[in-house]
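Asker: Structure for the following, please:
(one chain, ligands or ions: 1)
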Amino acid sequence: MIWDEEHETMPREALEPLQLRRLQDQVARIYATVPYYRAKMDEVNVSPGDIKTLADINKLPFTTKEDLRKNYPFGLFTVPLERVVRIHASSGTTGKPTVVGYTKRDITLWANLMSRTLAAAGATSKDVIHNSYGYGLFTGGMGAHYGAENLGATVVPASGGNSKRQITIMRDFQATVLLSTPSYALNLADTMADMGVTPSDLALRVGVFGAEPWSESMREEIEKKLSIKAIDIYGLSEIIGPGVAAECHERQSGLHIMEDHFLPEIVDPETFDPLPLGAKGELVFTTLTKEAFPVIRYRTKDFSRLLTDPCICGRTFYRMEKVTGRSDDMLIIRGVNVFPSQIEHVLVSIEGVEPHYQIIVDRKGNMDTMEVHVEVSEAVFSDEIKKLEALSKKIQYDIKDLLGVSCQIKLVEPKSIQRSEGKAQRVIDKRKI
Ligand code: DLL
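Answerer: Prediction:
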């Protein structure tokens, strides 16, 4: 089902003028209400009247996390706090959290975008939706919750943690849709196995996963272990939360961007010049309709490309390719760029290896070192030493073959790598400590 047929299937000849009108209004409003944005625009000599076409967007300055931090907590809001009905924040690993706000209308918009997302995943009002995204300052829990209720489904607000109880509830309430991070979905699958609960004891048919990068091989693993269809959804707090882009269940390839509300661009991650349609680079979004916390050209640091071919589902919105990593996730090991998702891809395709891993990066003298801790299955772990050595060598060889960088492999016991209840911590970079 398409939730908002009128917009989601809009011919592009109608969509683009709508985007331009909304962009012009939004830029004028931001210029008039946020001194910080006005100063940034004045600095590069651009005023709202200069935005005459969609391409003129590249006259506008970018916004980064740093801008949000400088204006902590509410300096970039365009409305007085009395019109803000909700605050969310992302903790970030360094410095102050980034804070975002929503008016009543923003919350309604967000709920509708999440209903679109869930409908694209194949969910309907008949579903029982088990929501394991964390509730709180993180946008995942409440964002998905409002969307699922708005869809008319029955929502179970489980939040993260206490996996055994979650499995029991999913079984007893016969949940049909699971919402969680992909790493938590695997955690739940393992807990199920420990409890002797099989997918046929549950009624799950689809999972809606996002908030962290996950490879195609991880998708296969989750689909197999939980016997469901796994759908990828994307979003970030600075833009609205989840509900920015979503795969359709018909294709499961590329995430339709809610282009009537968010204008995407792909820019060169070093020069920040706009790249041609189809090229891979850093994703940048401008919100077109947000009230309390609109952003202009927000640099996400996520890598993707825009896919413009028509989709079988009937949606006309461009799709973004699955995000495989962020520029600040990228590890530089002895000069070679390495994304954790590439390592995940190698691991998940090897028999007997579990998709639980952690990458430990360090520096000995002037040399970067990388050690990958990999969990193996119970059966493999009790194998003779020779077999374990052969497995280590294979992983080492495959990583070297794909990435051109050598590393140490440490095979570890089942369940020894800390499980995530939200976003997984895949990398420990001791060079930064
Ligand atoms: O993670 C919002 C969200 C909640 C999305 C639930 C999907 C589901 P933040 O905590 O602000 O917001 O983190 C945003 O997470 O810039 C990406 O790097 C990453 N991310 C989000 N979705 C995906 C995805 C939420 N599907 C940051 N694939 C983003 C890869 C993702 N990375």
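Asker: CA atoms for contacts and neighbours, from now on please.
Answerer: Noted.
Asker: On the three-state scheme, the nearest residue in space to Trp3 that is not next to it in sequence is what?
Answerer: Distances taken as CA to CA, 6 or more residues apart in numbering place Arg116 nearest to Trp3, at 5.0 Å, with adjacent residues excluded. At Arg116 the chain is in helix, as set by DSSP: H, G, I helix; E, B strand; the rest coil.
Asker: Arg116 contacts Ile2, doesn't it?
Answerer: Yes - the criterion here is CA atoms under 8 Å, and Arg116 meets it with Ile2 at 6.9 Å.
Asker: okay, those two: which has more neighbours?
Answerer: Arg116 (28 against 20; other CA atoms under 10 Å).
Asker: what's near enough to touch that one?
Answerer: If a contact means CA atoms under 8 Å, 6 or more residues apart in numbering, then Arg116 has 2-4, 243 as its contacts.
Asker: how about the nearest residue to Tyr36, chain neighbours excluded?
Answerer: In space, and not counting its chain neighbours, Tyr36 is closest to Leu76: 7.4 Å by CA to CA, 6+ apart.
Asker: how about Asn58, what does it touch?
Answerer: By CA under 8 Å, 6+ apart, Asn58 lies in contact with Pro274.
Asker: For it, give its distance to Gly314.
Answerer: Going from Asn58 to Gly314 by CA to CA, to the nearest Å gives 30 Å.
Asker: so how far is the ligand from Glu259?
Answerer: 16 Å (CA to the nearest ligand atom, to the nearest Å).
Asker: Identify the residue spatially nearest to that residue, adjacent ones excluded.
Answerer: For Glu259, the spatially nearest residue (CA to CA, 6+ apart) is Phe317, at 6.1 Å.
Asker: Check whether the one you found really touches Pro11, as I assumed.
Answerer: No - under the criterion of CA under 8 Å, Phe317 makes no contact with Pro11, lying 9.0 Å away.
Asker: So these two - more neighbours on which side?
Answerer: Neighbours were counted for Phe317 and for Pro11 using other CA under 10 Å; Phe317 has more, 25 against 13.
Asker: contacting residues for that one?
Answerer: Residues near Phe317 by CA under 8 Å, 6+ apart: 8-9, 256-259.
Asker: can I get the residues you listed in JSON lines with pLDDT, secondary structure and neighbour count?
Answerer: Converted to JSON lines, those look like this (pLDDT from 0 to 100; DSSP: H, G, I helix; E, B strand; the rest coil; neighbours: other CA atoms under 10 Å):
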{"residue": "Glu8", "pLDDT": "98", "secondary structure": "helix", "neighbour count": "20"}
{"residue": "Thr9", "pLDDT": "98", "secondary structure": "coil", "neighbour count": "15"}
{"residue": "His256", "pLDDT": "98", "secondary structure": "strand", "neighbour count": "27"}
{"residue": "Ile257", "pLDDT": "98", "secondary structure": "strand", "neighbour count": "27"}
{"residue": "Met258", "pLDDT": "98", "secondary structure": "coil", "neighbour count": "22"}
{"residue": "Glu259", "pLDDT": "98", "secondary structure": "coil", "neighbour count": "24"}
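Asker: Looking at these, spot the one nearest Val46.
Answerer: Glu259 (24.3 Å; CA to CA).
Asker: hang on, Glu238 packs against Tyr102?
Answerer: No - counting by CA under 8 Å, Glu238 does not reach Tyr102; the two are 11.1 Å apart.
Asker: any idea of the mean pLDDT for the helix or strand containing Ile222?
Answerer: Here Ile222 is covered by helix 216-226, with elements defined by DSSP states H and E. Per-region confidence: helix 216-226 scores 94 on mean pLDDT.
Asker: wait, what's in contact with the closest residue to Val376 other than its chain neighbours?
Answerer: The spatially closest residue to Val376, leaving aside those adjacent along the chain, is Val353, at 4.6 Å (CA to CA, 6+ apart). By CA under 8 Å, 6+ apart, the residues touching Val353 are 347, 374-377.
Asker: Closest one of these to Ile167?
Answerer: Ser377 (21.5 Å).
Asker: I'd like to know how far that closest one sits from Val348.
Answerer: For Ser377, the distance to Val348 equals 12 Å [CA to CA].
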